[in-house]
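Enquirer: fold the stuff below for me.
(chains A and B)
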Amino acid sequence: METDIELIARVIASDDHKAFGRLVQRHQSSVRRLWLRLTRGNGDLSNDLAQDTFIKAYRKLSSFRGSGSFPGWLFRIAYNNFLEFCRKEARAKKLLEAEQSIAYDHTVETGIDARLDIEKALALLNLNERTAITLCYTYGMSHSEVARTMDIPIGTVKSHVTRGKEKLAKRLKAWKGKTIA
Amino acid sequence: MTETRANEQWLENLLSLEPDHIDDSGFKAAVLARISHQSRKREIILWSIGLVAASITIFFIPTNILNYLPYEDVGKVFTLDPASNSSEIIVMLFSAFSLLGIGWLFSEAL
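Expert: Numbers count the residues shown, from 1 in each chain, chains lettered A, B, ... in the order given. You can find the predicted model right below:
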């Protein structure tokens, strides 16, 4: 199986759409998952914006230096796209709204489907906490990679993660001590 | 492991759960179709700009510059001398085809 770097080289060298298609196929799930988290589960919107992310990536592919991972680079494009979208679109206001209306210790868990409960709990966090937690834990990125992706200092990433985890611990407390399949 | 760390571990394990895979279901095809469409659009715009530039050049190129060309016949063909019907017809035909071409290219781009 060809690596991401090999496929990228083919796209840059000969504008190979097939090679780019394989990159899309390989990373579409994680990019769309990130978009679902950014848009608080809005499927149609996240699909449209995920497509925009890949189109932008295709245009900028020659600027990918290979210093970090390709998914990390895609996430950076997606996150910047999201911020741009929020600046331009009025409908994005809702997505940026903090959790003002939700009590801090509000719990969302049903204790039946862990993945569903995680999505619900994450949707209650603010954008920065949601993104930092997703990149750190769901995608296993280091704090410095997250800082690069979100273009914020590493200390700020750490505080977003800590605050986010404190909130999540309260909201998902029903899962404490449970074995998750 | 401290108690705090142990308290955090269950949450980290929970958050690290691999999310359900999202099926492609036409996503790749949609991305590639949009990329092809955009590439075509860019190509068409470039061709249109080229044709417009060519038409403008033909219309406004000073006759006396062409007359300085070493090939006399070429100079004569492109002169806009009212006495020379053949040169006018060539310029008009070229312009008409250019305009038709631009129209077609834009209709393709839309």
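Enquirer: and the residue most central in space within chain A, its phi and psi?
Expert: Nearest to the mean C-alpha position of chain A, by C-alpha atoms, centre = their mean, lies A:Leu34 at 3.0 Å. Phi and psi for A:Leu34, reported as degrees, to the nearest 10, are phi -60, psi -40.
Enquirer: how many neighbours does the spatially closest residue to B:Glu18 that is not a sequence neighbour have?
Expert: Once flanking residues are discounted, B:Glu18 sits nearest to A:Thr138: 7.9 Å by C-beta to C-beta, 6 or more residues apart in numbering or on different chains. Backbone N, C-alpha and C define where each C-beta goes, glycine included. Residues near A:Thr138, counting by other C-beta atoms under 10 Å in any protein chain shown, number 19.
Enquirer: equivalent analysis for the one 3 residues further on, please.
Expert: A:Met141 is surrounded by 22 other residues when neighbours are defined as other C-beta under 10 Å.
Enquirer: right, and it touches A:Trp73 too?
Expert: No - counting by C-beta atoms under 8 Å, A:Trp73 is not a contact partner of A:Met141; they are 11.7 Å apart.
Enquirer: need the contact partners of stretch A:62-82.
Expert: For stretch A:62-82, contacts defined as C-beta atoms under 8 Å, 6 or more residues apart in numbering or on different chains pick out A:4-5, A:8, A:12, A:23, A:27, A:30-31, A:34-35, A:38-39, A:49-50, A:52-54, A:56-57, A:60, A:131, A:135, A:139, A:141, A:145, A:148-151.
Enquirer: filter these down to the buried ones and hand me the PyMOL line.
Expert: Entered in PyMOL, the line below selects the buried ones among the contacts of stretch A:62-82, by 16 or more other C-beta atoms under 10 Å in any protein chain shown:
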select buried, chain A and resi 4+8+23+27+30+31+34+35+38+39+49+50+52+53+54+57+131+135+139+141+145+148+149+150
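Enquirer: among the contacts of stretch A:62-82, which are within reach of chain B?
Expert: A:Ala50, A:Phe54 (C-beta under 8 Å from any C-beta of the partner chain).
Enquirer: narrow the contacts of stretch A:62-82 to those in helices?
Expert: A:4-5, A:8, A:12, A:23, A:27, A:30-31, A:34-35, A:38, A:49-50, A:52-54, A:56-57, A:60, A:131, A:145, A:148-150 (DSSP state H).
Enquirer: low pLDDT regions in chain B?
Expert: B:1-7, B:57-92, B:106, B:108-110 (pLDDT under 70).
Enquirer: where does it get nearest to chain A, which residue?
Expert: B:Leu15 (3.8 Å; C-beta to the nearest C-beta).
Enquirer: need the contact list for A:Leu135.
Expert: A:Leu34, A:Phe75, A:Met141, A:Glu145, A:Val146, A:Thr149, A:Met150.
Enquirer: touching, the residue of chain B closest to chain A and A:Glu119? I think so.
Expert: No - B:Leu15 is not in contact with A:Glu119 according to C-beta under 8 Å; the separation is 11.2 Å.
Enquirer: now for residue 14, how many residues are close by?
Expert: Let's take chain A. A:Ser14, neighbours per other C-beta under 10 Å, totals 9.
Enquirer: correction: the question concerned chain B.
Expert: 22.
Enquirer: hmm, the longest helix along chain B touching chain A?
Expert: For chain B, the longest helix by residue count, based on DSSP H, is helix B:27-60. Yes - Helix B:27-60 reaches chain A (C-beta under 8 Å from any C-beta) through B:Phe27, B:Lys28, B:Ala30, B:Val31, B:Leu32, B:Arg34, B:Ile35, B:Ser36, B:Gln38.
Enquirer: apart from its chain neighbours, what residue comes closest to the third one?
Expert: Read that as B:Ala30. Closest to B:Ala30 by C-beta to C-beta, 6+ apart is A:Gln51, at 6.0 Å.
Enquirer: the one you found and B:Ile44, how far apart?
Expert: As for A:Gln51, its distance to B:Ile44 is 21 Å (criterion: C-beta to C-beta, to the nearest Å).
Enquirer: compare these two and say which is more crowded by neighbours.
Expert: Neighbours per residue (other C-beta under 10 Å) separate A:Gln51 from B:Ile44, with A:Gln51 holding more: 22 against 18.
Enquirer: now flag whichever of the contacts of A:Leu135 is closest to A:Thr179.
Expert: A:Met141 (26.3 Å; C-beta to C-beta).
Enquirer: any idea which element the residue nearest to A:Lys56 when sequence neighbours are not counted lies in?
Expert: Distances taken as C-beta to C-beta, 6+ apart place A:Ile77 nearest to A:Lys56, at 5.4 Å, with adjacent residues excluded. Applying DSSP states H and E as the criterion places A:Ile77 in helix A:70-88.
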